[in-house]
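K.L.:
Build me a structure from this.
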Amino acid sequence: MSKIQRLFKGGGGSGYPKGKGKGGPTPQEALARLRETEEMLTKKQEYLEARIQKELEVAKRHGTRDKRVALQALKRKKRYEKQLTQIDGTLSTIEFQREALENSYTNTEVFKNMGYAAQAMKKVHENIDLDKIDDMMQDITEQQDIAQEITEALTRKLGDDFDEDELLAELEELEQEEVNNKMANVRLPSVPATQLPSQPASSRKRVEDDDDMKQLAAWAS
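P.N.:
Predicted coordinates:
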């Protein structure tokens, strides 16, 4: 019994193989059948290619001596080439069908697994109370605040409790004292030893007149 007969055995009048289940073959069974068919046709290709090469050699060997034998060999070669072309087309169709079935099976498995994951997530979330989550987050926030306060308390410097205003006043006194010390070290020019010229007589007369006017004004008042 050939592989093609075994492939379609039990298919009834429809010409298609039946699966083990009532709903038809499973994707794995169908893929296995398609791979078997591809393997069978590939071997048939190799056989036809070998026969084509053999008939070509026969035609070349008898071409000049026995044309009848050479022509018969070329005719067989053409038939084999036609069968080879048909097998190439069949293999392309089977390959396309196999890839489509593999993709469909993959999509089905992905959808199934995503459904399982969704059910698992739902089951996990059933045991989670949103109110408890809020309470827990509040507790975490409070504990973080307490930890921050503890850290600040531990890193705070001790013994530096001084009045900043007093320190600024003391600094100003020190700066003023520095300025005074610099002014004390400044040397002023000395007073000339020679006597300054006396005031002219006209100037003394003007001063005396001014004094008389002041006395007269005081007596009139």
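K.L.:
Which SSE is immediately downstream of whichever helix in the chain runs longest?
P.N.:
Using DSSP state H, we find that the single longest helix of the chain is helix 67-126. Downstream of helix 67-126, the next assigned helix or strand under DSSP states H and E is helix 130-155.
K.L.:
What residues sit buried inside that next one?
P.N.:
By 16 or more other CB atoms under 10 Å, helix 130-155 has no buried positions at all. C-betas here are computed from N, CA, C, even on glycine.
K.L.:
C-terminal to that helix, which secondary structure element comes first?
P.N.:
Immediately after helix 130-155, counting by DSSP H and E, sits helix 164-184.
K.L.:
and that next one, what's its mean pLDDT?
P.N.:
The pLDDT scores in helix 164-184 average 81.
K.L.:
Pull the distance from that helix to the chain's centre.
P.N.:
62 Å (CA atoms, centre = their mean, to the nearest Å).
K.L.:
helices or strands up against it?
P.N.:
The criterion is 3 or more CB pairs under 8 Å, 6 or more residues apart in numbering; DSSP states H and E, and there are no helices or strands that helix 164-184 contacts.
K.L.:
Just the CA atoms of that helix, as CSV, please.
P.N.:
The C-alpha coordinates for helix 164-184 follow below in CSV (Å, rounded to 0.1, in the frame of the first residue of the first chain):
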residue,chain,number,x,y,z
GLU,A,164,23.2,84.6,66.0
ASP,A,165,22.5,88.3,66.7
GLU,A,166,25.0,88.3,69.5
LEU,A,167,27.6,86.8,67.2
LEU,A,168,26.9,89.4,64.6
ALA,A,169,27.3,92.2,67.1
GLU,A,170,30.6,90.8,68.3
LEU,A,171,31.8,90.6,64.8
GLU,A,172,31.0,94.2,64.2
GLU,A,173,32.9,95.2,67.3
LEU,A,174,35.9,93.3,66.1
GLU,A,175,35.7,95.0,62.7
GLN,A,176,35.4,98.5,64.3
GLU,A,177,38.4,97.7,66.5
GLU,A,178,40.4,96.7,63.5
VAL,A,179,39.5,100.0,61.8
ASN,A,180,40.5,102.0,64.9
ASN,A,181,43.8,100.3,65.0
LYS,A,182,44.5,101.1,61.4
MET,A,183,43.5,104.8,62.0
ALA,A,184,45.9,105.1,65.0
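K.L.:
tell me the mean pLDDT for the longest helix of the chain?
P.N.:
Rounded to a whole number, the mean pLDDT of helix 67-126 is 91.
K.L.:
Tell me the secondary structure of residue 64, please.
P.N.:
coil (DSSP: H, G, I helix; E, B strand; the rest coil).
K.L.:
where does it land on pLDDT?
P.N.:
So residue 64 comes in at 75 (pLDDT).
K.L.:
and the gap between it and residue 122?
P.N.:
Separation of residue 64 from residue 122 (CB to CB, to the nearest Å) stands at 84 Å.
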